[in-house]
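**Student:** Provided below are the primary sequence and the corresponding predicted coordinates.
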Amino acid sequence: MSTRGLFMIGKTISHYKILDRLGQGGMGVVYKAMDVRLGRHVAVKFLSPALDPDEEMKQRFIREAQAASALDHNNICTIYEIDEAEDGQLFIAMAFYEGGSLKDKIDRATLTMEEGIAITMQIAQGLGKAHEQGIVHRDIKSANVMFTADGVAKIVDFGLAKLTGAIRLTTTGAMVGTPAYMSPEQIRQLDVDHRTDIWSLGVVLYEILTGRLPFRGDSAAAILYAILNEKPESLQKHVPSAPAEVAYVLDRALAKPVGDRYQSINKMLDDLRNSKNSRRAEKFPTKEPVAISPKAAEQRGHVITFSDEALQTVQAMSLSFAEKLRFVTRLAFSSEEPAPAAATGNPYLNRLVIQHPDDFYGRTSEVTRIYERIKAVRPQSISIVGVRRIGKSSLLKAIHHVANRRKHLPTPDEYVFVFVDLQAKRNVEPGELFRYIYSELQREYRGYLKLNASTDYDGLQQIVQTYHDAGLKLIFMWDEFECVTRNPKIGPEFYAYFRSLANNYNVAYITSSSDQLQRLCHAKEISDSPFFNIFTNQRLGAFKPDEARELIVEPSAKIGEPLAPHLDFIIDIAGYFPFFIQIACSAMLSSPRSGKADMKKVRDLFMEEARPHFQEYIEKFDESQKAVVAALARGKKPPREHAFALKDLSQEGFINEERLFSSLFEEFIRENVDKNAPWWKMW
């Protein structure tokens, strides 16, 4: 360096007397200095000449750093000045913090869960302030978090990553920065936004809690490959006592697709806060799982008994009760599942809930993603969210079916799936719900098993403990879970109890609902429950074009009445909603298809069934969504103030390529809505 190094000690640059060298990184050298004007210690960072920014880049960096210096927040480093030394090199003068860096803390000792969450929350609060002002850090890492003497975390180096972002490689081709913290979009040199900071904070949180980075390799290239292609080892592998809520936060923050990641740092902060609160006290704690003696295990066996047929098989074997339960589970799993046969005749009539895997089309990526969650070291809970008639129940049935479990799970007989259809249990007491869960668990065993536990919290925990001791994993599948969240007879203790089961045992939940679960609760006390933090949302939208084509072409070809020639017509009236595609295909098979008059009959048959569903959608749209569909139905461009509604409707499948999903839905809007409604009259 031209004016850097040990020879700097004792020199004065501007009004900063250099006292000591604090450290060096890819972006430059940091010194402890004395501000001779104000008589205070400062940190002065000289940017490395390797960055070699031109004049335009210098000015852009200075503007960015100046904007960051205007941020007034307790968790953001105070920047005093940005200037140039006599030789033209940029430097930043900032507050000097005596507590060292977060990286130093991690290197010295593993932090406790509470300490790690508290530090991460401080960083998130600082980032939240920056993001509000449209400022993205781009280089969050443990070395860029400093501490005051009393332990307050301070984010440093705002603005530096923007400088290096445009000149990431030096003239020798070396990468500037720390690869291990880079988001996938940064690696791919795509445009980045605040969500890249969320990714990097997820890396920092993982590093704090485990003492290691989630993505590692022998070289920068190996690390970058891991970030793009590999999954980090689970948090529980390194911290077995880690609660599911914290693992969930990591999963969301480190989601490789930007759309699957937290969309707001404040949402991540809320989940961290909830996980911290839930560790302080359980509202309804379950008993911790404990190792039990063989005699105690046999006594616990009274909670679960076997049929005579099963007993005849296992009695001759010298097995513990846990081994007997595993054996009977394999026995039930290997027997034929009494599921409805695949559809015959018109294959599109079986559309409300598709029962047989041979009739199930599409959703390949969703099925794979859900099974990946289930087969984690500890199974993870998933919330399937989508509008009515989008296929949530059919997807649950596909996940539940034995054939798919054999296909997707490496050891399928270690999992016990319990499918609970809640539509008939909308306003029941908890005891009735427990009875229903027990009956469905018994159904899984094809008559080989009987439950004798009390239908209450203690009884279910005895059952869960028994499965836990046998090394079996319980997956509860709850269809239409809003029937529970909207039930005023089911209070906060229910959710605290089931969250605690997931934390302490190999238990997970797969739910389906028409919206995010916390929006469907009958009381705020319920929606604030940490129970909902254990879920990863799986948004279910319309089919992809290739999935729609498959649903139209394959079933009709199997029965010798191919609908492939009418593909465009069917998509035009039904869009990519699988339910409406099936209605349209069924109408086609019920009508002669020789001319335009016949197509009119198909449209009429389609609308006979689709009309009430169209009406239900309109009634459930909020005013902003109604304004968007009204504009599109009349060939207008939706107003900018409704951009969020436009985005939501597109994600749900109602809008495709800036048009309503179905020409008949468009006609329905024009002909049947209240013409006096404000959202219609504005057009």
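**Tutor:** That came through fine. Because the structure is a prediction, the values reported are computed rather than measured.

**Student:** and the gap between Glu619 and Ala424?
**Tutor:** According to Cβ to Cβ, to the nearest Å, Glu619 stands 24 Å off from Ala424. Bear in mind the C-beta positions are built from the backbone N, C-alpha and C, glycine included.

**Student:** distance from the chain centre to the helix or strand containing Tyr617, please.
**Tutor:** Taking DSSP states H and E as the definition, one finds Tyr617 inside helix 596-620. Remark: helix 596-620 is offset 35 Å from the chain centroid, using Cα atoms, centre = their mean, to the nearest Å.

**Student:** from the contact counts, what lies against it?
**Tutor:** Packed against helix 596-620 by the contact rule (3 or more Cβ pairs under 8 Å, 6 or more residues apart in numbering; DSSP states H and E) you find helix 567-574, helix 578-589, helix 663-672.

**Student:** and the contacts of the first one?
**Tutor:** If you take Cβ atoms under 8 Å, 6 or more residues apart in numbering as the criterion, helix 567-574 is touched by 548-549, 552-553, 563, 580-581, 583-585, 588, 599, 602-603, 606, 662-664.

**Student:** list the contacts for the residue most central in space within the chain?
**Tutor:** Centre of the chain computed as the mean C-alpha position; nearest residue by Cα atoms, centre = their mean is Thr536, 4.1 Å away. Taking Cβ under 8 Å, 6+ apart as the definition of contact, the neighbours of Thr536 are Tyr248, Asp251, Arg252, Arg373, Gln380, Ser381, Ile382, Ser383.

**Student:** apply 6 Å and report the result again.
**Tutor:** Each residue near Thr536 by Cβ atoms under 6 Å, 6 or more residues apart in numbering is listed here: Ile382.

**Student:** now Ile655. Its backbone dihedrals?
**Tutor:** For Ile655, the backbone dihedrals (degrees, to the nearest 10) come out as phi -130, psi 130.

**Student:** and Tyr80, helix, strand or coil?
**Tutor:** Assigned by DSSP: H, G, I helix; E, B strand; the rest coil, the conformation of Tyr80 is strand.

**Student:** residues contacting it?
**Tutor:** For Tyr80, the contact set (Cβ under 6 Å, 6+ apart) comprises Ala93.

**Student:** where does it land on pLDDT?
**Tutor:** On the pLDDT scale, Tyr80 is placed at 86.

**Student:** please apply the same query to Ala342.
**Tutor:** Among the per-residue scores, Ala342 shows a pLDDT of 48.

**Student:** how many residues are close by the residue nearest to Pro492 when sequence neighbours are not counted?
**Tutor:** Closest residue to Pro492 apart from its sequence neighbours, by Cβ to Cβ, 6 or more residues apart in numbering: Glu525 at 5.5 Å. Applying the criterion other Cβ atoms under 10 Å, we find 12 residues in the vicinity of Glu525.

**Student:** same question for Lys636.
**Tutor:** 12.

**Student:** any idea how far it lies from Pro243?
**Tutor:** Computed with Cβ to Cβ, the distance linking Lys636 and Pro243 is 50 Å.

**Student:** could you list the low-pLDDT ranges of this protein?
**Tutor:** Applying pLDDT under 70 to the chain flags residues 1-7, 25-27, 48-68, 159-177, 276-301, 335-344, 592-597, 673-683.

**Student:** break it into its domains for me.
**Tutor:** Per automatic domain parsing, the domain ranges recorded for the chain read 6-95, 102-280, 360-539, 545-681.
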